[in-house]
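In: give me a 3D structure for the following:
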Amino acid sequence: MGHADQTAELLRLKNRVDTIMNNVLCDMRPGWDDSIEGFNKAWDVARDIFQEEIGRAEGVARMAADLVAAGTYNDERDAIMSLVGKYPAVQICHLIDDARQAAAQEIVAREIAAS
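Out: Numbers count the residues shown, from 1 in each chain. Predicted coordinates for the structure are as follows:
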């Protein structure tokens, strides 16, 4: 993943956290001790977001490895069909583009290393 891709990914994650935090802070109930309750709730939200992102990254890595092993990363239909039965359909739909990109990057890295 290049610097520009990493920057875009971090910006996407930051915007997601900002939006959810804003929603949490706007939903605080009257009588809350905002300094403690709000802070704890905000950390719970951030922890949940990062756990979800870690799970997503792991899912992409597993799918990419399966696509490389099957040699199906180059064609979307073939890639999807090779993953059906191994992953839930919703997960395939959600991660297929990133998994194919990661698989292609792996193939390119292997070819560069071999030359």
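
In: what residue lies at the spatial centre of the protein?
Out: In the chain, the residue lying closest to the centroid (C-alpha atoms, centre = their mean) is R56, at 3.8 Å.

In: roughly how far apart are that one and R16?
Out: As judged by C-beta to C-beta, to the nearest Å, R56 and R16 stand 11 Å apart. (C-beta placed from N, C-alpha, C; glycine too.)

In: ok, G55 next?
Out: 14 Å.

In: for V84, same thing?
Out: From V84 across to R16, the span is 29 Å (C-beta to C-beta).

In: distance check, the residue nearest to N74 when sequence neighbours are not counted against N23.
Out: Nearest residue to N74, sequence neighbours excluded (C-beta to C-beta, 6 or more residues apart in numbering): A104, at 7.4 Å. According to C-beta to C-beta, A104 stands 36 Å off from N23.

In: can you check A70 too?
Out: 41 Å.

In: one more: R110?
Out: Separation of R110 from N23 (C-beta to C-beta): 43 Å.

In: again, but for A64
Out: Distance of A64 to N23, computed by C-beta to C-beta: 32 Å.

In: N40 now?
Out: 16 Å.

In: what distance separates the least confident helix or strand in the chain by mean pLDDT from the centre of its chain?
Out: Lowest mean confidence among the helices and strands of the chain (mean pLDDT, DSSP states H and E): helix 3-26, at a mean of 74. Distance of helix 3-26 from its chain centroid, counting by C-alpha atoms, centre = their mean, to the nearest Å, is 12 Å.

In: what comes up buried for it?
Out: Within helix 3-26, the residues scored as buried using 16 or more other C-beta atoms under 10 Å are V17, M21.

In: who does that helix touch, helix- and strand-wise?
Out: On a contact count with 3 or more C-beta pairs under 8 Å, 6 or more residues apart in numbering; DSSP states H and E, helix 3-26 meets helix 39-70.

In: immediately after the helix it packs on, which helix or strand?
Out: Where DSSP states H and E defines the elements, the next helix or strand beyond helix 39-70 is helix 76-83.

In: so what's I49 closest to, chain neighbours aside?
Out: V17 (5.7 Å).
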